[in-house]
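Asks: below are the sequence and a predicted model; questions follow.
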Amino acid sequence: MTSLWTSSEIAEAVSGKASASFEVGGVAFDSREVGPGDLFIALKGEATDGHRFVGQALAAGAAGLLVSEPVEGPHVLIGDTMAALNDLGRASRERSSAKIVGVTGSAGKTGTKEALYAALDRSAGGRAHRSLKSYNNHTGVPLSLARMPSETRFGVFEMGMNHSGELAALTRLVRPHVAIVTAIAPAHREFFSSEQAIADAKAEIFEGLEEGGTALVPEDSPHRDRLVAAARPYAARILTFGFGEGADVRANYAIRAPGGGTTVTATLGEAHLSYTVSQPGRHWVSNSLAVLGAVDSVGGDLAAAGLALSDLPGLKGRGQRHWLAIDGGEALLIDESYNANPASMAATLANFGEENVAGRRIAVLGAMRELGEESPSFHAALAAPIERSKVDWAILVGEEMEALAKALGSRIKLAHVADADAAVGLVREEIGPGDAILVKGSNSVGLATLVEALARGKS
């Protein structure tokens, strides 16, 4: 095991007291994720107390514990384990000489984070680090920092929010050299008075920029000028990315590639680049431009980045593809089940309309959550993108989808069901060879279970 932290380093970072000498190679606060040699942090929450799972963590191979109560086993004792998690993340950032990139946005931040990690790791010899899954909140970000090895060359951290002020706290912990805003859309609209207020909250990421840092802003966003103005007090350099004439990182040419991705010719300063993005869609081209801008800003290898973008696999819940074996042939299942907002729904449906489909296009669409009073109008507005994407059959999941069902009327075949379980049965009954099934909705709708149920029989 390579040592990530020693007990004395942990104790110093969190101002705690070590019961014994130990070394750890990883950090976790979920006992189900603990592996041999890890540090288990026993967090106390509203619903549960991590101290109840100390025995489970030790049985899984934890080499040490960070606790606020005396326990059996090697540990560091501290008054508040949540504060200690932040302190450990802060200490990790302090000791690191890595170039750090922070990523936020209403859509595309996880995909951009994964693409950027792959682009930097390609030339970093395994010395790139990123936040796993969507660990982008007040617990996930310090955990991801605490997991960063001291010898890391490049670190990529996703940061999310659903209230103003949250990103300001996270970015001051991460202290990025480069801060990216991927896109602004009415996600979490329930908690904001307007889309402009969402842009302001996302722009908080610039407040943590290191001296001499770079801000990357979407050129084609209606909030472009607002984001640029917000970045100006904190960024030494502001780059825009997109398709517009004024973009600093600009896609001059983009055409669908034979394998389903997109071939792109782009300009970055004096450099002219040609590369392929493995994932289809205009939004992925935009994400790739942000990746190139960030790679260049931290001194990474642009050629290696282009190769990494062409090899990037589909992400679970964010575009992963499954070929399902059915009677008479195969069907394509596109998994976009992790999350949804009006902008990402429209973009994904546009992509779906460009799929080369021998059979039918079947769209299983889950409700979009946290949209507040305007939720019915946002859902109803999906009718036009659905029709443009040539969907043959729409299965709408969740009570919020009633407004969309009414907007579509009888123009296409549709079913409106209460939950994912009901949708599974409908798809299984009618799926045929050559069909393509798109699954997309807010994570809380639970459409991942539908994907798992269908994918069990994939070829």
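Replies: The structure has been received and is ready for your questions.

Asks: the helix or strand that L120 is a member of packs against which elements?
Replies: Mapping L120 onto the secondary structure by DSSP states H and E places it in helix 109-124. Helices and strands touching helix 109-124, by 3 or more Cβ pairs under 8 Å, 6 or more residues apart in numbering; DSSP states H and E, are strand 99-104, strand 128-130, strand 154-158, helix 282-297, helix 302-311. (C-beta placed from N, C-alpha, C; glycine too.)

Asks: out of these, flag the one nearest G446.
Replies: The minimum distance between G446 and the helices and strands packed on helix 109-124 falls on strand 154-158, with 22.5 Å, by Cβ to Cβ.

Asks: thinking again about what came up before, relative to strand 99-104, how tilted is the helix holding L120?
Replies: 160 degrees (axes from the mean of the first three to the mean of the last three Cα atoms, to 10 degrees).

Asks: average pLDDT for helix 109-124, rounded please.
Replies: Along helix 109-124, the predicted local confidence has a mean pLDDT of 95.

Asks: before we move on, what about stretch 451-459?
Replies: Along stretch 451-459, the predicted local confidence has a mean pLDDT of 76.

Asks: and for stretch 277-292?
Replies: On average, the pLDDT along stretch 277-292 is 93.

Asks: residues contacting the residue with the shortest distance to the centre of the chain?
Replies: In the chain, the centroid-proximal residue (Cα atoms, centre = their mean) is T110; its distance is 1.9 Å. T110 makes contact with 134, 136, 158, 315, 318, 338, according to Cβ atoms under 8 Å, 6 or more residues apart in numbering.

Asks: which one of these has the most neighbours?
Replies: Within those, E158 tops the neighbour count with 31 neighbours, counted by other Cβ atoms under 10 Å.

Asks: pretty sure it contacts S131?
Replies: Yes. The pair E158 and S131 passes the contact test of Cβ atoms under 8 Å, sitting 5.1 Å apart.

Asks: which neighbours do those two have in common?
Replies: Shared contacts of E158 and S131, counting by Cβ under 8 Å, 6+ apart, come down to K113.

Asks: give the buried residues for stretch 268-283.
Replies: Of all the residues in stretch 268-283, those buried under the rule 16 or more other Cβ atoms under 10 Å are 268, 273, 275-283.

Asks: returning to that earlier point: inside strands: which ones of the contacts of T110?
Replies: E158 (DSSP state E).

Asks: what's the closest of the contacts of T110 to A11?
Replies: Where those are concerned, and distances follow Cβ to Cβ, A11 has its nearest neighbour in N136, at 28.1 Å.

Asks: phi first, then psi, for that closest one.
Replies: Listed backbone geometry of N136 is phi -130, psi 10, with angles given as degrees, to the nearest 10.

Asks: if I look at the residue nearest to it when sequence neighbours are not counted, how far off is D200?
Replies: Leaving out its chain neighbours, the residue that sits closest to N136 by Cβ to Cβ, 6 or more residues apart in numbering is G160, at 3.8 Å. Separation of G160 from D200 (Cβ to Cβ, to the nearest Å) stands at 15 Å.

Asks: right, and G261 touches T276 too?
Replies: Yes. Contact status for G261 versus T276: in contact at 5.5 Å, counting by Cβ under 8 Å.

Asks: now for these two: what residues contact both?
Replies: Listed contacts common to G261 and T276 are S310; contacts here mean Cβ under 8 Å, 6+ apart.

Asks: that older thread, neighbour count: G160 and D200, which is higher?
Replies: Neighbours of G160 and D200, each counted by other Cβ under 10 Å, are more numerous for G160; the result is 23 against 17.

Asks: ok, which stretches of the stretch 51-200 of the chain are helices?
Replies: Along the stretch 51-200 of the chain, counting by DSSP state H, counting those that start in this stretch, helices occupy 54-59, 81-95, 109-124, 140-146, 166-174, 195-202.

Asks: for this structure, give me the ranges with low pLDDT.
Replies: 1, 187-189, 457-459 (pLDDT under 70).
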